[in-house]
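# Quick one: sequence and predicted model below, then my questions.
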Amino acid sequence: DVKVTQSSRYLVKRTGEKVFLECVQDMDHENMFWYRQDPGLGLRLIYFSYDVKMKEKGDIPEGYSVSREKKERFSLILESASTNQTSMYLCASSPPPVAGEKLFFGSGTQLSVL
Amino acid sequence: AQKVTQAQTEISVVEKEDVTLDCVYETRDTTYYLFWYKQPPSGELVFLIRRNSFDEQNEISGRYSWNFQKSTSSFNFTITASQVVDSAVYFCALSERNQGGKLIFGQGTELSVKP
């Protein structure tokens, strides 16, 4: 069964901490995405990657960075966590960057920044 | 610019009622794709359907059906004879040809089906 796995389901951090959210997929997909989900706003794209060591900014990249050292792993980094980054974070992957491909999602990480 | 609007934030129905979830989109591209995803309480988004802009045929899958109308830029989702297990947040999403697989999501509609 194909899977996108996010390392933590719930995470509580302090303001100013550096936070790493990890995502691993076992489908050999080229594309990987990070979204955040907030009530009333739906899912918004933070960063995405079409290949190892490459990254592209999404719609709301401020305050975030990403790392993709291996094809199967895509990490989201909050350099200095702030309370407005409290949210549900969803990782997704898909085959090569052809429009129309569906995304496969992980179960999400609910991050609370206190 | 691309945009997806799901005007219904929450819908509550009683089991066995039919329910329609609305989705309106905006795009300047002539080639695009529309999706519906379901997010149950477990959190993982589950793919339901994908349609491309050249195929306006309606689709039915069991109790689910989708109505795609380019004239009104809508892609509505109907659940017939709803069940408690249909309770979830439903997202409509848009992917444009030149956007390399990125999905733009609507705000989501939370459906509650009561027994």
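Okay, I see it.
# tell me the contacts of the spatially most central residue of chain A?
Centroid-nearest residue in chain A: A:W34, 2.8 Å away (criterion: CA atoms, centre = their mean). Applying CB atoms under 8 Å, 6 or more residues apart in numbering or on different chains, we find A:W34 in contact with A:21, A:23, A:45-48, A:58, A:64, A:66, A:74, A:76, A:89-92. Quick note: C-beta positions are derived from backbone N, CA and C, even for glycine.
# So it versus chain B, what's the distance?
A:W34 sits 12 Å away from chain B, going by CB to the nearest CB, to the nearest Å.
# How many residues are close by B:T5?
15 (other CB atoms under 10 Å in any protein chain shown).
# picking up where we left off before, would you say the residue nearest to the centre of chain A is within a strand?
Yes: assessed by DSSP: H, G, I helix; E, B strand; the rest coil, A:W34 belongs to a strand.
# where in chain B is pLDDT low?
B:100 (pLDDT under 70).
# Do a quick rundown of the strands in it.
B:3-5, B:10-14, B:19-21, B:24-26, B:32-39, B:46-52, B:59-61, B:64-69, B:74-79, B:88-96, B:104-105, B:109-114 (DSSP state E).
# How about the shortest one and chain A, touching?
Yes: for strand B:104-105 and chain A, the contact criterion (CB under 8 Å from any CB of the partner chain) is met by B:104-105.
# tell me what that strand is packed against?
strand A:42-49, strand B:3-5, strand B:88-96 (3 or more CB pairs under 8 Å, 6 or more residues apart in numbering or on different chains; DSSP states H and E).
# need those strands in TSV with distance to B:Y25, can you?
Output for the helices and strands packed on strand B:104-105, formatted as TSV (distance: least, CB to CB, whole Å):
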stretch	distance to B:Y25
strand A:42-49	13
strand B:3-5	5
strand B:88-96	5
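# so which of those strands is the most packed in?
strand B:88-96 (a mean of 24; mean count of other CB atoms under 10 Å in any protein chain shown).
# can you pull the contacts of the closest residue to A:G40 other than its chain neighbours?
Distances taken as CB to CB, 6 or more residues apart in numbering or on different chains place B:Q107 nearest to A:G40, at 5.8 Å, with adjacent residues excluded. Applying CB under 8 Å, 6+ apart to B:Q107 gives the contacts A:40-42, B:5-6, B:9.
# picking up where we left off before, will you turn the strands of chain B into CSV that also has distance to A:N84?
Shown next, in CSV, are these (distance: least, CB to CB, whole Å):
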stretch, distance to A:N84
strand B:3-5, 23
strand B:10-14, 24
strand B:19-21, 29
strand B:24-26, 27
strand B:32-39, 22
strand B:46-52, 29
strand B:59-61, 39
strand B:64-69, 36
strand B:74-79, 32
strand B:88-96, 22
strand B:104-105, 20
strand B:109-114, 23
